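S.K.: Based on what follows, work out the 3D shape:
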Amino acid sequence: MRFDHFHGLNKAGRSLVSRRLGCHQIVMRVWPDGRSETIESDSIPLVEKVEVLGQVRGFYRRSIGLRQRYHLVGGRVLDEFLQLGCKNNHWHSGPHYGLALREQDGSAVEQSLWTDEKMEPPALYIEGLNPWARNLLLSTLAVHDRVRRTWSFGRVQEFSRYEVPALKAVEELEELVDPTDERRTGYRLKRYIFEDGRVFDECLQRVVCYGGDHYYLALSADGQVLRQSLWHKRSMY
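M.R.: Have a look, this model is predicted:
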């Protein structure tokens with residue numbers, strides 16, 4: 001069977017955009033409804049904001065993933081771009097798509113580049129969440145924050161901000177197990193905790209066997225699956 005294989009960023013690229021920085025931060029937050037709170041932490045995410053640049057088009061499917069822009073602490077901005085794909089003949093049981101990172105001047109971030117090693121198709125595919133759910137995880141919330149950061153080298157920053165990423169933290173839950181034969185997948189389902197108190201858990205929507213098992217996930221809240229997070233049948237293999 002031949003189909004689109006979307007790999008996203010390589011391990012080094014994923015590690016870069018998920019880094020945290022050591023920094024003592026105090027946030028005085030006021031919500032639009034007037035509630036206020038103080039939030040204190042000893043580390044902050046390197047990435048302060050994520051934007052969606054566009055869809056990655058596949059050979060067999062119209063959309064197989066998202067390209068994103070990462071706004072880092074200090075003003076640096078990195079964009080994802082398609083490094084590998086069917087147009088440059090990276091093909092094995094169908095085209096493989098690999099993203100890398102580049103600076104705003106167009107230069108690639110060296111460690112984020114995929115090597116010439118062949119991307120072997122795995123025995124199973126975690127297709128993950130649908131585009132609506134992915135965009136939900138990238139959404140922002142309106143707030144009024146007064147932020148004070150104290151860095152380890154002594155520098156102190158004070159500023160205000162009026163928008164923050166909605167997603168506060170991600171926790172790992174139980175391992176995803178194939179319901180038909182109880183086969184372990186090696187993938188741990190995620191719990192997404194939002195700044196405003198909302199909590200969403202990943203759950204298995206469907207397994208499709210097409211040149212390997214494809215696992216499609218959805219989101220649930222308080223035991224109820226979110227209808228918008230369900231994959232449409234035409235979007236599955």
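
S.K.: can you list the domains in the protein?
M.R.: Listed domain ranges for the chain are 1-120, 122-142+166-237 (source: automatic domain parsing).

S.K.: quick one: which of those domains is nearest W151?
M.R.: domain 1-120 (5.5 Å; CB to CB). Where you see a C-beta, it was placed from the backbone N, CA and C, and this is true even at glycine.

S.K.: Dump the domains of the chain to a markdown table, plus distance to R148 and mean neighbour count.
M.R.: Listed next are those as a markdown table, based on distance: least, CB to CB, whole Å; neighbours: other CB atoms under 10 Å:
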| stretch | distance to R148 | mean neighbour count |
| --- | --- | --- |
| domain 1-120 | 5 | 15 |
| domain 122-142+166-237 | 18 | 15 |
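
S.K.: Looking at those, which is nearest to F159?
M.R.: Using CB to CB, these put domain 1-120 closest to F159, at 10.7 Å.

S.K.: distance of R61 from Y97?
M.R.: 11 Å (CB to CB, to the nearest Å).

S.K.: Give me the secondary structure label for Q111.
M.R.: With DSSP: H, G, I helix; E, B strand; the rest coil as the basis, the three-state label of Q111 is helix.

S.K.: thinking it is in contact with K11, fair?
M.R.: No. In this structure, Q111 is not within contact of K11 by CB atoms under 8 Å, at 9.4 Å.

S.K.: joint contacts of R61 and Y97?
M.R.: Contact criterion CB atoms under 8 Å, 6 or more residues apart in numbering; residues shared by R61 and Y97: D4.

S.K.: got the contact list for stretch 36-46?
M.R.: 16-31, 72-73, 149.

S.K.: Revised request: answer the last question for stretch 176-195.
M.R.: 124, 126, 137, 141, 143, 164-175, 199-204, 207, 213, 215, 217, 219.

S.K.: Repeat that for stretch 214-232.
M.R.: 124-130, 132-133, 136, 176, 178, 185, 187, 189, 192, 198-208, 236-237.

S.K.: Residue most distant from the centroid, this structure?
M.R.: Largest separation from the mean C-alpha position in the chain: G154, at 32.3 Å (CA atoms, centre = their mean).

S.K.: residues touching F6, list them.
M.R.: 56, 58, 64-65, 97.

S.K.: Just flag the most distant two among those residues.
M.R.: Across these (CB to CB), the longest gap, 8.5 Å, separates G58 and G65.

S.K.: intersection of neighbour lists for these two?
M.R.: 6, 97.

S.K.: now stretch 67-75: mean pLDDT?
M.R.: Mean pLDDT, computed over stretch 67-75, is 94.

S.K.: try stretch 16-27
M.R.: For stretch 16-27, the mean confidence score works out to 95.
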